[in-house]
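In: coords below, sequence missing:
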């Protein structure tokens with residue numbers, strides 16, 4: 001039975017809107033921020049930003065993320081974890097509900113997801129041709145991470161490795177966006193991007209708490225399922241501490257400007273989320289504020305850091 005705000009076929013009778021909504025567009029914002037951060041690291045290094053290349057990079061990164069979202073829904077439907085999830089906090093957890101609510105068939109969802117990922121390949125080859133050959137490695141790694149997060153035989157999230165996959169995936173978004181402009185590898189996007197990628201991983205991590213019973217019953221052994229709800233609370237704190245500790249270390253070592261310290265301010269949202277999680281980890285209905293705060297922390301950190309690095313005066317501070 002669909003919950004309020006969940007998609008239904010009656011509400012999405014237009015095929016274009018139906019398929020577009022299936023990509024969960026609201027959650028593509030973290031990839032948008034990641035691309036901006038990668039462009040900002042290139043600008044911080046004094047590289048002129050090519051608007052056409054930047055736009056193409058952003059568009060195809062969003063398409064890859066959209067494909068990964070749809071593929072995740074497809075394989076979660078196969079495992080059965082979304083179908084039995086009665087404690088989901090839509091739209092944050094429990095999947096898009098497109099398959100479960102009869103908006104798209106399981107087969108159509110799988111075809112759409114793989115079509116999106118396949119469409120990224122020629123785009124990546126074109127960007128490589130106008131940039132440098134190393135971009136193939138970044139793009140291939142990104143596609144593998146996006147696919148293997150939920151798809152067999154790897155099923156990284158089900159093996160408790162989802163957080164590592166997400167961290168790698170969004171770090172690749174930052175590094176790749178920088179690479180297209182720089183035409184080569186550099187440490188700056190890693191210095192700026194790893195903390196952001198860890199905060200994105202924390203979004204996926206906290207989303208596992210409302211879904212823990214459904215995941216466990218379907219044999220999806222996420223990190224939260226493996227640790228248990230009480231112990232798993234510490235995981236959120238550890239990931240957040242690493243996320244903010246990394247850019248601080250990079251500032252101290254001189255890889256980022258002192259002005260980058262401003263990007264630590266969203267830690268307040270992470271602290272608020274951690275406190276809410278600590279009190280309500282076993283009460284899914286009470287976790288929505290923490291889920292929202294975690295998304296806010298990741299987005300604000302990446303956006304503020306991008307603004308700082310793209311601002312010319314930051315290079316003198």
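Out: Sure thing, it's come through. Owing to the predicted nature of the structure, the values given are computational and were not obtained by experimental measurement.
In: so residue 23 touches residue 68, yeah?
Out: No: between residue 23 and residue 68 there is no contact under CB atoms under 8 Å: 9.5 Å. (C-beta placed from N, C-alpha, C; glycine too.)
In: Residues that sit against both of these two, list them.
Out: Common neighbours of residue 23 and residue 68, using CB atoms under 8 Å, 6 or more residues apart in numbering, do not exist here.
In: Contact partners for residue 157?
Out: Contacts of residue 157 (CB under 8 Å, 6+ apart): 149, 150, 165, 204, 220, 222.
In: actually residue 292, sorry about that
Out: residue 92.
In: which stretch of helix or strand covers it?
Out: Taking DSSP states H and E as the criterion, residue 292 maps to helix 288-310.
In: For that helix, buried residues please.
Out: By 16 or more other CB atoms under 10 Å, the buried positions in helix 288-310 come out as 288, 290-310.
In: Could you do stretch 219-226 as well?
Out: 220, 222, 223, 224, 225.
In: Stretch 184-193 now?
Out: Buried residues in stretch 184-193 (16+ other CB under 10 Å): 185, 188, 189, 190, 191, 192, 193.
In: if we can go back for a sec, which of the contacts of residue 157 fall in strands?
Out: Per DSSP state E, strands hold no members of these.
In: Of those, just say which sits nearest to residue 5.
Out: residue 204 (20.9 Å; CB to CB).
In: Three-state assignment for the closest residue to residue 169 other than its chain neighbours, please.
Out: Leaving aside its sequence neighbours, residue 169 sits nearest to residue 145 (CB to CB, 6 or more residues apart in numbering; 4.4 Å). Here residue 145 is helix, with the state taken from DSSP: H, G, I helix; E, B strand; the rest coil.
In: thinking residue 145 is in contact with residue 171, fair?
Out: No: the pair residue 145 / residue 171 is not scored as a contact, 9.9 Å apart, by CB under 8 Å.
In: which of those two has more neighbours?
Out: For residue 145 versus residue 171, neighbours defined as other CB atoms under 10 Å are more numerous around residue 171 (26 against 22).
In: neighbours around the closest residue to residue 60 other than its chain neighbours, how many?
Out: Spatial nearest neighbour of residue 60, excluding adjacent residues (CB to CB, 6+ apart): residue 123 at 4.3 Å. Residue 123: 17 surrounding residues under other CB under 10 Å.
In: ditto for residue 257
Out: So residue 257, with other CB under 10 Å, has 19 neighbours.
In: ok, now the one 10 residues further on?
Out: Using other CB under 10 Å as the criterion, residue 267 is surrounded by 18 other residues.
In: tell me the contacts of it?
Out: Here residue 267 is in contact with 240, 244, 297 (CB under 8 Å, 6+ apart).
In: Relative to residue 37, how far out is the closest residue to the last one other than its chain neighbours?
Out: The reference is to residue 297. Spatially, and ignoring its direct neighbours in sequence, residue 297 is nearest to residue 269 (4.0 Å; CB to CB, 6+ apart). Noted for residue 269: a distance of 18 Å to residue 37, by CB to CB, to the nearest Å.
In: and what of residue 284?
Out: Look at residue 284 and residue 37: by CB to CB, they are 31 Å apart.
In: cool, and residue 235?
Out: Applying CB to CB to residue 235 and residue 37 gives a distance of 24 Å.
In: average pLDDT across whichever strand or helix holds residue 21?
Out: In this structure, residue 21 sits in helix 15-22 according to DSSP H and E. Per-residue pLDDT over helix 15-22 has a mean of 96.
In: Tell me the buried residues in it?
Out: For helix 15-22, by 16+ other CB under 10 Å, it's 18, 19, 21, 22.
In: ok now that helix, how far from the chain's centre?
Out: Centre-to-centre, helix 15-22 and its host chain are 21 Å apart (CA atoms, centre = their mean, to the nearest Å).
In: helices and strands around it, which ones?
Out: Here helix 15-22 touches helix 106-130, going by 3 or more CB pairs under 8 Å, 6 or more residues apart in numbering; DSSP states H and E.
In: between the helix it packs on and helix 15-22, how big is the angle?
Out: Angle, helix 106-130 to helix 15-22, by axes from the mean of the first three to the mean of the last three CA atoms, to 10 degrees: 80 degrees.
In: Which strands or helices does helix 106-130 pack on?
Out: helix 15-22, helix 51-79, helix 135-148.
In: Tell me where the model's unsure across the stretch 201-317 of the chain.
Out: 314-317 (pLDDT under 70).
In: For stretch 82-102, give me every contacting residue.
Out: 2-3, 5-9, 21-22, 24, 26-27, 69, 72-74, 76-77, 103-106, 109, 207-208, 210-211, 213-214, 217-218, 284-285, 287-288, 291-292, 295.
In: Stretch 230-243 now?
Out: Counting by CB under 8 Å, 6+ apart, residues outside stretch 230-243 touching it are 163, 195-196, 198-199, 201-202, 205-206, 208-209, 223-224, 227, 267, 270-271, 273-274, 277-278, 281-282, 297, 301.
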